[in-house]
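Q: Whatever this is, show me its structure:
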Amino acid sequence: MCGLLRLAVNQEVVLFLRWGVALAVAFVAACTTVSELPAGAACGRSGFAYAGVQAAENGHGISAVVTSLGLPAVENGHVAGWVGVGAPGQGPGGRDEWVQVGLNSLPGTGNRLYYEVMRPGAHVRYAEVKAEVADDRPVRVAVLEMAAKWNAWRVWVNGRAVTPPIELPASHGALTPMAMGESWDGGRPSCNRYSYRFERVSVAQTPGGSWLAIRDASVLQDPGYRVEKRAVGSFIALATRPLPPDWALKQSPG
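A: Numbers count the residues shown, from 1 in each chain. Below you'll find the model as predicted:
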């Protein structure tokens, strides 16, 4: 399966999540050399595109150290690198249910640390934890079900809970963990590029913890994006077309 979400540019957004078929079940390490595309040209599928991993079994949380390896080049829409649990249809009665945390970028912005929550029958809630996160700065993020209260979850950043308990009905043992790089083209042909490193990706075996490195996982890769394996539980999700070497300078004031 393949996850997909849409971020709006305001603080309170409604995210849409699409799921498709996994395009691969093994990590890919081959590089592709390509020339630069002009602005307004697509470099992958239209709409949403993903590169990441999805656990083979449901779990009680997921954690990772996420780093943006360069300033994302966002022509339209957004890019993001996140970990989370849940999906459309995984909630009670086949309704949508999930929670995730990670980094995202919009055109002209740096990396923002955010989380979002989707409760069955409600709109997605999006919140920013930090407005600016420097490139090459690792951030340890996690979503974890509480040991003292099943079906209640919290978002963690660098070992600190940043949310109160988040009630997700009938979520105990029912949600799928994943770690994902994502691009949305904003409805216009675009070549959004990013490079996110995911390290120490682990899945909680029980509420409250008991972490194990993710091993049995499907690799998801949409055209234009890929996954490079680094070690057990570590990989890079990135665009097949590299970030322009002078992109960061172009975005700097003055």
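
Q: Arg241 and Cys43 touch, don't they?
A: Yes. Between Arg241 and Cys43 there is a contact under Cβ atoms under 8 Å: 5.0 Å. For the C-beta atoms, the positions are set from N, CA and C on the backbone; glycine is no exception.

Q: tell me the SS of Glu75?
A: Three-state call for Glu75 (DSSP: H, G, I helix; E, B strand; the rest coil): coil.

Q: I should have written Gln100 there, sorry.
A: Strictly by three-state DSSP, Gln100 counts as strand.

Q: And for Val232, the neighbour number?
A: By the criterion of other Cβ atoms under 10 Å, Val232 has 11 neighbours.

Q: actually Gly94, not the one I wrote
A: So Gly94, with other Cβ under 10 Å, has 10 neighbours.

Q: Any figure for the gap between it and Gly224?
A: Per Cβ to Cβ, to the nearest Å, Gly94 is found 31 Å from Gly224.

Q: Surely Gly159 is in contact with Arg140?
A: Yes. Applying Cβ under 8 Å, one finds Gly159 in contact with Arg140, separated by 6.7 Å.

Q: Looking at those two, which one has more neighbours?
A: Arg140 (15 against 7).

Q: List the contacts of Pro223.
A: Applying Cβ atoms under 8 Å, 6 or more residues apart in numbering, we find Pro223 in contact with 44-45, 49.

Q: measure it to Gly44 for me?
A: Between Pro223 and Gly44 the computed distance is 5 Å (Cβ to Cβ).

Q: now do Val139
A: 26 Å.

Q: now swap in Gln54 and tell me
A: The gap separating Gln54 from Gly44 is 19 Å, by Cβ to Cβ.

Q: Gly47: how many residues sit nearby?
A: 16.

Q: Then Asp96?
A: Neighbour number of Asp96 under other Cβ under 10 Å is 19.
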